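Chemist: one predicted model, sequence on top.
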Amino acid sequence: LSPSESYNALGAFETSVYTGESQSVGILANYDVQISPETRFFFKISGNGTDRSFERTRLVQEIEDGSLLNLSEDSGFFEDVELNQNGFATERESASASGVMGIEYQSEFWEIDASLGGALASDESTNQTSVAFATDPIFDVFYDTSNDPLAPTVAVNGADENDPALYAFTRVAEIEETADDAEGVAQVNIRRNSQLSIGDFSFKLGTKYVDRTSDVNEDRIQYALAPGAALNLEPFADPSGVTLNRYSFGPGIDSVSVARFRQQNPELFVVNESRSILGSLAEDYDVSESVWSAYSMVTLTRGPFRWIAGV
């Protein structure tokens, strides 16, 4: 490519840091009883609860219709590059439970097993915050992967990408999300064994029903700055995010602080109605599925031969 050509195959460099904590508690209980020599009853339940806190901060160096000034196998030089700092934080509570009860009967001629089970799962995200800060697309960026392809050296001409004052406020979204899943299963299998003059004969049939439902609902309110207001990343920078191992990471974002500042200074922000509606509806869904199945099978065994037919 010549230096004047637009180069869009390389869209961005991205570096992310994820931190989180998780605590889980689970229970399991089984109960089996032999009602008679031929009959066994069983009951099993299990449950699990999890509390999670999760944070992500991300530096994106995005090429905004920039021209390629120079490109080699392991390096490149681009103009008109926008720098983005994105942050995300959430607290999530998850719970699940399942249970099954059934009976098994086996005699000389009959085999019967039947069971009924179900499972529930719920996931709720609270205090969920998504924030973004960005520069104007005015910088030239050089990258070099010759020392380590997995850790590129990136340099921004005319600016320090670790300077939080360089990044202007773009948006903050406060999000609540719930997800619920349920499943029910019922099945029965019956087998009859007989000894006929032509050989050993058995007839087996069964049926199964599965019903599943799942729904997700997200409520998002996204804010932009009010006319005339100005805000940059400096008050919310996370100094620990400047470097990560060999990566230059930028200032990072304390997302929770951004949400707290918005709540304490509501006059500096306005609701972005279209983004709020789009973000709320795009993730919502409600789906259900029901499945019936059945089979029958006959088996005849005579000497060294066995015939099987089924549907």
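Modeler: Here it is on my side, so go on. Quick caveat: nothing in here was measured; it's all calculated off a predicted structure.

Chemist: go ahead and confirm residue 129 touches residue 88.
Modeler: Yes. Here residue 129 lies in contact with residue 88, judged by Cβ atoms under 8 Å, at a distance of 7.0 Å. For the C-beta atoms, the positions are set from N, CA and C on the backbone; glycine is no exception.

Chemist: got any residues that touch both of the two?
Modeler: Common contacts of residue 129 and residue 88, defined by Cβ atoms under 8 Å, 6 or more residues apart in numbering, comprise residue 255.

Chemist: please tell me how far the residue lying closest to residue 107 once chain neighbours are set aside sits from residue 112.
Modeler: Of all residues not flanking residue 107 in the chain, residue 38 sits nearest, at 5.0 Å (Cβ to Cβ, 6 or more residues apart in numbering). Separation of residue 38 from residue 112 (Cβ to Cβ, to the nearest Å): 10 Å.

Chemist: for residue 16, give me its contacts.
Modeler: Contacts of residue 16 (Cβ under 8 Å, 6+ apart): 56, 57, 58, 59.

Chemist: so for it, what's the pLDDT?
Modeler: Model confidence at residue 16, given as pLDDT, is 77.

Chemist: sticking with it, tell me its helix or strand.
Modeler: Using DSSP states H and E, residue 16 maps to strand 12-36.

Chemist: which residues touch residue 277?
Modeler: Residues in contact with residue 277 (Cβ under 8 Å, 6+ apart): none are found.

Chemist: same question, residue 105
Modeler: Residues near residue 105 by Cβ under 8 Å, 6+ apart: 38, 39, 40, 111, 112, 113.

Chemist: among those, which lie within strands?
Modeler: Among those, the members falling in strands (DSSP state E) are 39, 40, 111, 112, 113.

Chemist: poorly predicted segments of the protein, please.
Modeler: Where the chain drops to pLDDT under 70, the residues are 1-11, 13, 63-69, 137, 150-152, 239-250.

Chemist: helices along this protein, start to end?
Modeler: Assigned by DSSP state H, the chain shows helices spanning 255-264, 273-282.

Chemist: quick check: buried residues in the last one?
Modeler: Residues of helix 273-282 classed as buried by neighbour count (16 or more other Cβ atoms under 10 Å): 275, 276, 279, 280.

Chemist: could you report the distance from the residue nearest to the first one when sequence neighbours are not counted to residue 129?
Modeler: Translated: residue 275. Leaving aside its sequence neighbours, residue 275 sits nearest to residue 222 (Cβ to Cβ, 6+ apart; 4.3 Å). The gap separating residue 222 from residue 129 is 11 Å, by Cβ to Cβ.

Chemist: any common contacting residues for those two?
Modeler: With Cβ under 8 Å, 6+ apart as the test, residue 222 and residue 129 both reach 172, 173.

Chemist: how distant is the longest strand belonging to the chain from the center of its chain?
Modeler: Secondary structure of the chain per DSSP E: the longest strand is strand 75-106. Chain-centre distance of strand 75-106: 3 Å, with Cα atoms, centre = their mean, to the nearest Å.

Chemist: equivalent analysis for stretch 293-308, please.
Modeler: Distance of stretch 293-308 from its chain centroid, counting by Cα atoms, centre = their mean, is 46 Å.

Chemist: list the buried residues of that stretch.
Modeler: For stretch 293-308, the neighbour count (16+ other Cβ under 10 Å) marks residue 299 as buried.

Chemist: and for stretch 34-44?
Modeler: So for stretch 34-44, counting by 16+ other Cβ under 10 Å, buried means 40, 44.

Chemist: what's the answer for stretch 103-118, then?
Modeler: Across stretch 103-118, burial judged by 16+ other Cβ under 10 Å covers 104, 105, 111, 112, 113, 115, 117.
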